[in-house]
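Novice: Fold the following for me, if possible:
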Amino acid sequence: MTDSLGLTEVSYFDCAGGGQVVVDNRIAAIGHQRWPSATTLVDVSDPRRPKHLCTIEGLAEFTHCHKVRVHGNIMLVNYEPMKHLGPTPADFVGGLGVFDISDPVRPRKLAHWVCDGVHRFTFDGRYAYISPQLEGFIGNIVVILDLNDPEHPEEVGRWWQPGQWIGGGETPAWDVSDPELVPRCHHPIRLGQHLYTSYWHGGGHILDISDMAKPSLVSSLSWSPPFPWPTHTLLPIPFPIRDRRYMLVADEDAVPKGLGPGPYLWMVDITDLRHPAPVSSFDAAPSTDPHRKTHTGLHQPDETVRGTEIPVAWHAHGLRIVDISNPHCLREVAHFVPEPPPGSARPQTNDVCSDDRGLIYIIDRVRGMHIVERT
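Specialist: Numbers count the residues shown, from 1 in each chain. Coordinates of the predicted model:
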């Protein structure tokens, strides 16, 4: 049975499980979690009757096309090997796909920016801020792509955590025998002239990109150790709260055999960008079970901040609405936990976004998209 407080379901759209959902110009783009589906476009102009427009197939088995961004008529899709699922096909080419969706029923591929693979990314219509795997580097790094000519994406700048460029003679300062602990860029988010960049087990970094060709480090933060969870998202709040500036930091519940309580949604004071200071943390579903399944707790906040109520995807605990109006005391004000999809024992709410109508879209890792609204 659906568990809901302060949120009402508008509709359900049946589809393969997804890693990301974004909405632009009344079209929902869903990046799928597993091959053979890659990306589905859905007309949500009537949110009570979402209409399938098209589904693009993935490149190959055991690869990911689970992230997507849309701005106007341009859509970007990631291509990433998933070696833990199975062997990567010999002919697989990773990178970033660029599509023209001016006709959303028949998207047209414009370009394939090639690298070993791209994970998550953001896109502002001109520049893409991506997390590619590049030859000579250990773990994903930061790259800025210029898509002024979408048929010919051009790299304009890159940054990496010292120790990643082993091809250039750098020596990692971490245990390279455990791939999970390698610091790697998860995805950058731009606000003004800065990139707020999550770096998995490398914590997070705030970068100055006033010179895009030479991104420079402003400051870093990390609380792992003592907390074991990887840093998934640094989300700057685009307006002051009580005359100070803040960002939300989400750690993902992606540690095998989950380790006690958490992971946490952190509120960090960035009034002085050189000295980010955590001021509070929040967990919507506290647990002390050291044997709970991974992907039970926190995953990802809505990256389009429209006010002080932030929708957050909380894996097995569905959608949680977190009020950040008091930065020192975050509190939950609403939630929506859908029924488990067919074939699953629990929900797996993986991503969330909202639109200018106040509608909230959540995608399940296993199956289906829910559209809900605040009541």
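
Novice: For the rest of this, base every contact and every neighbour count on C-alpha atoms.
Specialist: OK.

Novice: neighbouring strands for the helix or strand containing Ser131, and are they parallel or not?
Specialist: Assigned by DSSP states H and E, Ser131 belongs to strand 127-133. In the sheet, strand 127-133 lines up against strand 117-123 (antiparallel), strand 142-146 (antiparallel) (DSSP bridges).

Novice: can I get these in a markdown table with distance to Val22, mean pLDDT and mean neighbour count?
Specialist: As requested, the strands paired with strand 127-133 are exported to a markdown table (distance: least, CA to CA, whole Å; pLDDT from 0 to 100; neighbours: other CA atoms under 10 Å):
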| stretch | distance to Val22 | mean pLDDT | mean neighbour count |
| --- | --- | --- | --- |
| strand 117-123 | 11 | 97 | 24 |
| strand 142-146 | 20 | 98 | 23 |
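
Novice: Centre of the chain to the strand holding Ser131, how far?
Specialist: How far strand 127-133 lies from its chain's middle: 12 Å, per CA atoms, centre = their mean, to the nearest Å.

Novice: contacts for it?
Specialist: Strand 127-133 is contacted from outside by 95, 115-123, 139-148, 185-190, using CA atoms under 8 Å, 6 or more residues apart in numbering.

Novice: switch the cut-off to 6 Å
Specialist: Strand 127-133 has contacts (CA atoms under 6 Å, 6 or more residues apart in numbering) with 116-119, 121-122, 140-147, 185, 187-188.

Novice: As CSV, the strands paired with strand 127-133 with distance to His370 would be great.
Specialist: Formatted as CSV, these follow (distance: least, CA to CA, whole Å):
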stretch, distance to His370
strand 117-123, 22
strand 142-146, 32
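
Novice: Nearest to Asn350 among those strands would be which one?
Specialist: Distance to Asn350, taken as CA to CA, is lowest for strand 117-123 among the strands paired with strand 127-133, at 13.2 Å.

Novice: Pull the residues that contact the closest one.
Specialist: Under CA under 6 Å, 6+ apart, the answer for strand 117-123 is Asn78, Tyr79, Glu80, Gly94, Gly95, Ala128, Tyr129, Ile130, Ser131, Pro132, Gln133, His187.

Novice: cool, and stretch 74-86?
Specialist: 62-65, 67-69, 94-100, 117-118.

Novice: residue contacts, Val333?
Specialist: Contacts of Val333 by CA under 6 Å, 6+ apart are Ile321.

Novice: Same question for Gly17.
Specialist: Contacts of Gly17 (CA under 6 Å, 6+ apart): His32, Gln33, Asp364, Arg365, Val366, Arg367.

Novice: repeat that with 10 Å
Specialist: For Gly17, the contacting residues are 30-34, 37, 66, 341, 348-350, 363-369, by CA atoms under 10 Å, 6 or more residues apart in numbering.

Novice: Likewise for Asp46?
Specialist: Per CA under 10 Å, 6+ apart, neighbours of Asp46: Ser11, Arg26.
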